[in-house]
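> For reference, the sequence and a predicted model appear below.
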Amino acid sequence: MKQQRTTSRVKAAVVLLILWITSSAAAFYWFFLNHYGVFDEQGLWQQQPLLPAQVQHKLRQQLLPDNTWQAVLITDPDCSCSSFAKGHLQRMQQRQSDLAIKELELEEAKALGLDVIAAPLLLLFQHQQLLYAGPLATDLLCSDNASLLDGIIRGTTQLPGFWLNGENTACRCLVP
């Protein structure tokens, strides 16, 4: 009788352990991997210009005239990746005091005429010229260790010109 109770408890513990592992894996997928993927997985940036001339003019009006480096971060309030990107950019600004940051919510960017395919989207300007467009980092949590921005601003990553980065995988939410 005592052995049956022990066996029943072991079975119950195994079932609970399996449920816990399954639930944890599902939660991990839902909260992290669900938003991780190729930034421009449809290849839309190859088919149309990111910033038509009219949109570039409107965006330049949002920029400060005297800053060398300016980052415009377009966020989606419904996307958990946006909060990671905001934190990353704030830490970046502490390291790079000459970096000016402007945040636009998705609806504000759309009102300017910008066709956003995924958020958060970083637009990096040097002397008011768009130098980079794409994700801020290439990992699940938009961490500083996987930053694309640090190297560009510090000069350790040299770009031959404008980089429209839709090929990297990143934490992002696709915009319908």
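Sure, I can see it.

> For residue 131, give me phi and psi.
phi -110, psi -30 (degrees, to the nearest 10).

> That one contacts residue 160, correct?
No - counting by C-beta atoms under 8 Å, residue 131 does not reach residue 160; the two are 10.8 Å apart. Where C-beta positions appear, they are placed from N, C-alpha and C, glycine not excepted.

> who's more crowded, those two?
residue 131 (17 against 5; other C-beta atoms under 10 Å).

> excluding its backbone neighbours, what's nearest that one?
residue 124 (5.2 Å; C-beta to C-beta, 6 or more residues apart in numbering).

> Outline the domain layout of this protein.
2-31, 36-174 (automatic domain parsing).

> what's the least confident stretch among those domains?
Mean pLDDT across these is lowest at domain 2-31; the value there is a mean of 76.

> List the buried residues in that one.
When neighbours are counted by 16 or more other C-beta atoms under 10 Å, no buried residue of domain 2-31 is found.

> Stretch 82-102 too?
Here stretch 82-102 shows 82, 84-86, 88-89, 92, 96, 99-100 as buried, counting by 16+ other C-beta under 10 Å.

> could those go into a markdown table alongside distance to residue 20 and secondary structure?
Below are the buried residues of stretch 82-102 laid out as a markdown table (distance: C-beta to C-beta, whole Å; DSSP: H, G, I helix; E, B strand; the rest coil):
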| residue | distance to residue 20 | secondary structure |
| --- | --- | --- |
| 82 | 30 | helix |
| 84 | 26 | helix |
| 85 | 31 | helix |
| 86 | 32 | helix |
| 88 | 31 | helix |
| 89 | 36 | helix |
| 92 | 37 | helix |
| 96 | 43 | coil |
| 99 | 43 | strand |
| 100 | 46 | strand |
